[in-house]
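Asks: Here's a sequence, model it:
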Amino acid sequence: MRIQKANLSFRDPLQPLQAVTKIIIHHTAENGWDIYKTHDFHQNNRGWSGIGYNYFLEEDGTIYEGRGLYIGAHAKGYNTESIGICMSGNFDDYDPTPVQMVSLHWLCKQLMGQFSLYSDQVLGHRELDGVTKTCPGTRFSMTELRSILFRINRQ
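Replies: Next up, the predicted model:
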């Protein structure tokens with residue numbers, strides 16, 4: 001498994017992450033949005049420099065670098081210390097694809113190792129203070145994800 005580069009251009013220079021204390025999981029909450037549609041929406045509708053997420057997982061399990069290891073725009077008040085991973089789909093209505101979950105587990109394991117993070121430092125966007133969204137969706141179990149990551153990390 002590997003992380004692929006997407007051909008994205010950002011309006012402003014990106015600033016490197018200094019310290020990572022959390023991984024924050026998101027969903028697009030839209031059907032069929034890929035990294036390019038999400039990038040376009042963030043740039044042209046939100047007025048951001050470009051896609052706010054550090055990494056993006058397509059429905060087919062492909063992992064793309066969004067902002068990579070640069071400060072994101074995905075969780076107000078947490079961007080300078082977190083990595084945002086977004087998965088394509090609306091997990092209020094349906095479950096992530098099995099290959100998305102395999103990719104998510106792999107990517108989280110890589111990032112947890114790189115930044116010495118534990119499974120309890122992997123949070124759903126909805127678990128952050130002040131967030132009222134269901135992100136990453138009511139059908140997405142953060143408890144189950146953390147349990148799997150805990151087991152993976154002990155291997």
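
Asks: Check which helices and strands the biggest helix by length in the chain sits against.
Replies: Across the chain, the longest stretch assigned as helix under DSSP state H is helix 98-115. Contacts defined by 3 or more CB pairs under 8 Å, 6 or more residues apart in numbering; DSSP states H and E place helix 98-115 against strand 22-27, strand 55-57, strand 63-65, strand 82-87, helix 142-154. The C-beta positions use only the backbone N, C-alpha and C, and glycine is treated the same way.

Asks: from the ones you listed, which stretch is densest packed?
Replies: Of those, the one with the most neighbours on average (mean count of other CB atoms under 10 Å) is strand 55-57, at a mean of 28.

Asks: strands paired with that one, and their directions?
Replies: strand 63-65 (antiparallel), strand 82-87 (parallel) (DSSP bridges).

Asks: now the ones you listed in JSON lines, with mean pLDDT?
Replies: Shown next, in JSON lines, are these (pLDDT from 0 to 100):
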{"stretch": "strand 63-65", "mean pLDDT": "98"}
{"stretch": "strand 82-87", "mean pLDDT": "98"}
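
Asks: Can you add distance to residue 137 and give those back as JSON lines?
Replies: Formatted as JSON lines, the strands paired with strand 55-57 follow (distance: least, CB to CB, whole Å):
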{"stretch": "strand 63-65", "distance to residue 137": "19"}
{"stretch": "strand 82-87", "distance to residue 137": "9"}
